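S.K.: Sequence first, predicted model second:
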Amino acid sequence: MGAIAVPMKAAFKPHNIEALVLWHGMKLCRQIGVTKLAFANDAVNVINAIGRNELDLRDIGGIMDAIRTMKVEFES
């Protein structure tokens, strides 16, 4: 429990944070029944990177897989 209470610095790559934000946003939209989405520029960069393999996404591969899977549920 003590480790949880200690603030720690995290060094995340910007595209990792953008992917996490996108994933959580998509999960929320799915929960409340939203089916049509418009993505902001930073999210579009992550979505485009999925297909082009431009970014090193190994450390968030599971999140990227979840985004790919959920993406088909929405109109964009």
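M.R.: Sure, I can see it. Because the structure is a prediction, the values reported are computed rather than measured.

S.K.: which helix is the longest one in this structure?
M.R.: Scanning the chain for the longest helix, with DSSP state H as the assignment, gives helix 14-32.

S.K.: mind listing what's buried in stretch 28-45?
M.R.: Using 16 or more other Cβ atoms under 10 Å as the test for burial, stretch 28-45 gives 29, 39, 43, 45. Just so you know, the C-beta spots here come from the backbone N, C-alpha and C atoms, and that holds for glycine as well.

S.K.: Go ahead and list the helix or strand containing the third one.
M.R.: What that stands for is Ala43. Using DSSP states H and E, Ala43 sits in helix 41-52.

S.K.: Can you name the next helix or strand after that helix?
M.R.: Past helix 41-52, the next helix or strand by DSSP H and E is helix 61-71.

S.K.: Skipping adjacent residues, who's closest to the residue nearest the centre of the chain in space?
M.R.: The centroid of the chain falls nearest to Ala19 when counting by Cα atoms, centre = their mean (2.5 Å). Distances taken as Cβ to Cβ, 6 or more residues apart in numbering place Val46 nearest to Ala19, at 4.9 Å, with adjacent residues excluded.

S.K.: what's near enough to touch that neighbour?
M.R.: Val46 sits next to 15, 18-19, 22, 55, 67 when contact means Cβ atoms under 8 Å, 6 or more residues apart in numbering.

S.K.: Packing partners of the longest helix of the chain?
M.R.: helix 41-52, helix 61-71 (3 or more Cβ pairs under 8 Å, 6 or more residues apart in numbering; DSSP states H and E).

S.K.: Just the CA trace of it, in CSV.
M.R.: Provided in CSV are the C-alpha atoms of helix 14-32 (Å, rounded to 0.1, in the frame of the first residue of the first chain):
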residue,chain,number,x,y,z
PRO,A,14,3.2,11.0,-26.5
HIS,A,15,1.7,8.5,-29.0
ASN,A,16,1.2,6.0,-26.1
ILE,A,17,-0.8,8.6,-24.2
GLU,A,18,-2.8,9.5,-27.3
ALA,A,19,-3.6,5.8,-27.9
LEU,A,20,-4.7,5.3,-24.3
VAL,A,21,-7.0,8.4,-24.4
LEU,A,22,-8.4,7.2,-27.7
TRP,A,23,-9.1,3.7,-26.3
HIS,A,24,-10.8,5.1,-23.2
GLY,A,25,-12.9,7.5,-25.2
MET,A,26,-14.0,4.7,-27.6
LYS,A,27,-14.9,2.5,-24.6
LEU,A,28,-17.0,5.3,-23.1
CYS,A,29,-18.8,6.0,-26.4
ARG,A,30,-19.6,2.3,-26.8
GLN,A,31,-21.0,2.2,-23.3
ILE,A,32,-23.3,5.1,-23.8
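
S.K.: Nice, that's everything, thank you.
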